[in-house]
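Participant: with the input below, show me the fold.
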Amino acid sequence: MRFSGWYIGALLLVAACQTVPTSPNTYYVSSIDPSANDHNPGTQAQPWRTLTRVQSALDSLNPGDQILLQRGSIFDGGLSWVGARGTPDAPITLGAYGDGDNPILSGAETLREWISIGVDRWQASCATCEGAVNGLMIDGELQAMARHPNPDQGDDGYLYFDSAASRFSISDDALRGDIDWSGGELVVRSIAWVLDRLPISAHEGDTLVTTDPASYDLTSGYGYFIQNHADALDRDGEWIYDADTQMVTLYWSAGEPSAFDIEVTARDSLLRIEAAHHIEVRDLTLHGADALALYIERCSHVGIVGVSVINGGADGIRVASCDDLNVANSRIAHMLNNGANIDDCQRCTLYGSTIEHIGLLAGMGGSGDGKYLGVRVEGEQTRFERNRIEHIGYIGVIVVGNVWVQQNVVRHFTQVKIDGGGIYAYRTQGSHIIGNLVVDGMGNTAGTPLESPSANGIYIDDNSMDIDVRANIIGWVGAAGIYLHNTRDVRVTDNLVVAAGESALRLSDDDLGTYNLENTLITRNLWVAFDPAAALVVFDSNNNANMPLMIGTSDRNRFFHFNNTHPLRMITYPPANAFDMAYTLNEWRAAFGLEGESVGVGAQP
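Facilitator: Predicted coordinates for the structure are as follows:
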C-alpha cells in the first residue's frame, strides 16, 4: 500500500504534537494590584484577582504549573483542590510572589456595623457565617465566650455540682435564682481529661438538662460553668452567637466596637487537598477558619512548606491516609481545639515547625477525648523532628505507631486539663522518643476533686509496647518525668529528669490495661530531685507489692536527691491490702535485687 505525501506529513505533525511537551505555566493572582482582574490572562503584569478564578483553574493544571499569590494580599474564601497530578521532577505549586507578608486566605468576617442594645452591649450581623461560630477575635486575639462564673471567680471559674441523675443533667443549689440558663451551654468536667460542651435544653430549679450526653458518667466533685448565654455577658470581649438570627452580641465598654478590628471565624475551611500527587503549597497564611483550616486526604508526595495556620475556631491541620507528606518550617498557632491531627500517614515528615497556643481557652475546644491537643501523629516510618510545641491546653504530642519523635522542644503543656503529658503514647507499638526537651507542664486541677496535677513529661500509657525512650531531657513537670503505665518491652535509657513534682520515674501496673508491666529496660538514666516530697522512682500496683521483681532490668542509673534519704517507693492500693513503703537505695537493692550497679548521690545512705 502506498501513501500520499500529504497523508504522511499529517501523521508526522500529529506525532510531533503528541511528543513535544508544553512549557509549564505560571499564573499570578493579586488582591492589591489595581490592574488585577479575573478576565486577565494571569500574567504578573495582568494578574487575576480572586480565589474564584483560581478555583476554576485548579482542575486544568499540568505538571510544573504554578499559581502564585502576591504577598501582602488578603483573599476571602478558600480552595478545594482535587485530583492534581504533578510529577517528581515537576510538582504543581500553589505559592507566593513579591515582597512583604505572605498572602492570606481568610475565613474570617470583619464585623463593622455594630448596634447598641444596652449598657456596654452591642450586636452585629454575620450574614456569611456558616452555621456555628466558634471564634471571635479583637485585634487578632481570640476571645472567650460569655461565661459564668468568670475565670477569676470560684475555683478558676468553676462551680461544683451536687449530683447528676444521668449523663444528661446536673443538679446544684447554686443554680437556684432569677436566671434561666436554658439556651446556653453547659461546660462540665465529665472526667479529669475531658471538658464536655452540652447545649442546655431546660433549667428547672437547681437542675440543668442538656440535649447531648456527657462523655463519661458525671460524678459529684467535678466542676462546671455556663457559657454562650446573654446573662453571662459581663466582661469586655465576652460574646455570644445566635445561629438562628446570625447575630453576634458583644460586651464592650471601651466605646464604639467599630473602632477596633473585630472578626469572627465565619468559613468552615480554607484549603482542602484530596487525591493529589506531587504538589507543593508554599509561603501562605491560612487565617480564621471556623472548623478546619487545612485538610489533606488520600494524597502522596505533598509538600507544605513555610505555611502559617493561625486564629482558628477549632483545628489547624488534619491529614488522613497519605503517603510521603512533608510539612516543614511551618506554624500552627492560636487554635481553639487541636493544632494538627496526622492520621494514617506513611513515610511522612513533620520538620522544623512551630505549634503553639493551642486549646488554651477552657470550654472553647471540642467535647470528649482527644481535644485541646498540640499534635497527634499516627503512621509508619513517619518522623516528627525538630519542632517546637508550646502553650498547649492538654497533651503536647500524641504518638501512634512506628513514629520517630526526635529532637523536639515541648513546653508549657496541660495548661487547661490534667492526666496527660508532654509526649504521650496510648495503645501503640514501635515508637521512638529520642533526644527531646520536655519541660514546664504543671497541670490544671481546677474543676476536679483531684490533688495530683497528673502532668507527666513522657507518658507511655495502656497496652503500648516496643518503645524507645532515649536521651531525653525532662524537667519541672507536675507529676512524673517518665511514666510507664501497663506497658511491655519499653526501653528507658540515657535520660535526664530534673525536678519532677512527684517522681522522676513512675511505673504502674493495674487493671486499666491488659498488659502486665514487663520486659522493661531502665538503664544509664540520671534522676535528680530537690523537693523533699518528691521521690525519684515510684512503683505502684493495685495487687502486687513485689511488682519490681517482675518488670525486667533496672540498673546502672544515677540517683541524685538532696533532700530525701528514702527516694524509692513501692505502693499498693487495694483497701484490704494497702502498702506504701519508702526505701533507701541499699534497701531497694536488698528487697528487689535491682539497681545493683547504680550510684546514689546527695541524701543517700
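Participant: now residue 295, what are its backbone angles?
Facilitator: With angles defined as degrees, to the nearest 10, residue 295 sits at phi -120, psi 130.
Participant: can you tell me which residues contact it?
Facilitator: 269, 271, 272, 273, 274, 317, 318, 319, 320 (CB atoms under 8 Å, 6 or more residues apart in numbering). No exception for glycine: its C-beta is placed from N, CA and C like everyone else's.
Participant: partners of it in the sheet?
Facilitator: residue 272, residue 318 (DSSP bridges).
Participant: now it: how far from residue 395?
Facilitator: 22 Å (CB to CB, to the nearest Å).
Participant: same question, residue 187
Facilitator: 19 Å.
Participant: these two: which has the busier surroundings?
Facilitator: Shown here are residue 187 and residue 395; by other CB atoms under 10 Å, residue 395 has more neighbours (32 against 25).
Participant: for the more buried one, which residues are in contact?
Facilitator: Residues in contact with residue 395 (CB under 8 Å, 6+ apart) are 372, 373, 374, 413, 414, 420, 421, 422, 424.
Participant: could you do residue 40 as well?
Facilitator: Applying CB under 8 Å, 6+ apart, the residues contacting residue 40 are 46, 47, 48, 49.
Participant: OK, contacts around the closest residue to the third one other than its chain neighbours?
Facilitator: Counting by CB to CB, 6 or more residues apart in numbering, residue 48 lies nearest to residue 29, which is 4.5 Å off, once chain neighbours are set aside. With contacts defined as CB under 8 Å, 6+ apart, residue 29 is in contact with 36, 42, 47-51, 53-54, 67-70, 73, 75.
Participant: among those residues, which are in helices?
Facilitator: 51, 53, 54 (DSSP state H).
Participant: quick check, nearest of those to residue 540?
Facilitator: Nearest to residue 540 out of those is residue 51 (CB to CB; 56.3 Å).
Participant: what number of residues lie near the closest one?
Facilitator: A total of 21 residues lie near residue 51 under the criterion other CB under 10 Å.
Participant: pretty sure it contacts residue 105?
Facilitator: Yes: with contacts counted by CB atoms under 8 Å, residue 51 reaches residue 105, the gap being 7.1 Å.
Participant: and the nearest residue to residue 336 once chain neighbours are set aside, what's its pLDDT?
Facilitator: Nearest non-adjacent residue to residue 336, counting by CB to CB, 6+ apart: residue 364, 4.4 Å away. Turning to residue 364, the model gives it a pLDDT of 98.
Participant: measure residue 364 to residue 143 for me?
Facilitator: Residue 364 is 9 Å from residue 143, by CB to CB.
Participant: neighbour count winner among the two?
Facilitator: residue 364 (26 against 19).
Participant: which SSE is that one in?
Facilitator: Using DSSP states H and E, residue 364 falls within no helix or strand.
Participant: who touches it in this structure?
Facilitator: Taking CB under 8 Å, 6+ apart, we find residue 364 in contact with 134, 135, 142, 144, 145, 336, 337.
Participant: any buried residues in stretch 419-439, and which?
Facilitator: Residues of stretch 419-439 classed as buried: 419-426, 428, 430-439 (neighbour count, 16 or more other CB atoms under 10 Å).
Participant: what's the spacing between the spatially closest residue to residue 26 that is not a sequence neighbour and residue 100?
Facilitator: Nearest residue to residue 26 in three dimensions, chain neighbours excluded: residue 66, at 4.5 Å (CB to CB, 6+ apart). Look at residue 66 and residue 100: by CB to CB, they are 19 Å apart.
Participant: sketch out the low-pLDDT regions of the stretch 451-600 of the chain for me.
Facilitator: For the stretch 451-600 of the chain, the stretches with pLDDT under 70 are 575-576.
Participant: quick check: neighbours shared by residue 51 and residue 105?
Facilitator: Common neighbours of residue 51 and residue 105 (CB under 8 Å, 6+ apart) are 75, 77, 78, 79.
Participant: contact partners for the last one?
Facilitator: This points to residue 79. Contacts of residue 79 by CB under 8 Å, 6+ apart are 51, 54, 55, 58, 94, 105, 270, 271, 272.
Participant: buried subset of the residues you listed?
Facilitator: Using 16+ other CB under 10 Å, the buried members of the contacts of residue 79 are 51, 54, 58, 94, 105, 270, 271, 272.
Participant: the fifth one - that's part of a helix, no?
Facilitator: No: assessed with DSSP: H, G, I helix; E, B strand; the rest coil, residue 105 is strand; it does not lie in a helix.
Participant: check contacts around the residue lying closest to it once chain neighbours are set aside.
Facilitator: The shortest distance from residue 105 to any non-neighbouring residue, by CB to CB, 6+ apart, is to residue 270 (4.8 Å). Taking CB under 8 Å, 6+ apart, we find residue 270 in contact with 77, 78, 79, 105, 106, 107, 286, 289, 293, 294.
Participant: quick one: contacts for the fifth one?
Facilitator: When you say that, I think you mean residue 106. When contacts are counted by CB under 8 Å, 6+ apart, residue 106 touches 74, 75, 76, 77, 270, 287, 288.
Participant: inside strands: which ones of these?
Facilitator: Judged by DSSP state E, strands contain the following of the contacts of residue 106: 74, 75, 76, 270, 287.
Participant: could you say what helices and strands the helix or strand that contains residue 225 packs with?
Facilitator: If you go by DSSP H and E, residue 225 is part of strand 223-227. Secondary-structure packing of strand 223-227 (3 or more CB pairs under 8 Å, 6 or more residues apart in numbering; DSSP states H and E): strand 147-148, strand 159-160, strand 185-191.
Participant: what's stretch 223-235 in contact with?
Facilitator: Contacts for stretch 223-235 (CB under 8 Å, 6+ apart): 121, 144-150, 155, 157-161, 170, 172, 179, 181, 183-189, 200, 208, 238-241, 249, 251, 363, 446-448.
Participant: that one: how far from the chain's middle?
Facilitator: 25 Å (CA atoms, centre = their mean, to the nearest Å).
Participant: again, but for stretch 274-281
Facilitator: 24 Å.
Participant: between the contacts of residue 79, which is closest to residue 452?
Facilitator: Closest to residue 452, out of all of the contacts of residue 79 and judged by CB to CB, is residue 270, at 40.3 Å.
Participant: picking that back up, of the ones in helices among the contacts of residue 29, which is the nearest to residue 461?
Facilitator: Nearest to residue 461 among these is residue 51, at 42.9 Å by CB to CB.
Participant: wait, what's in contact with the closest one?
Facilitator: 29, 75, 76, 77, 78, 79, 105.
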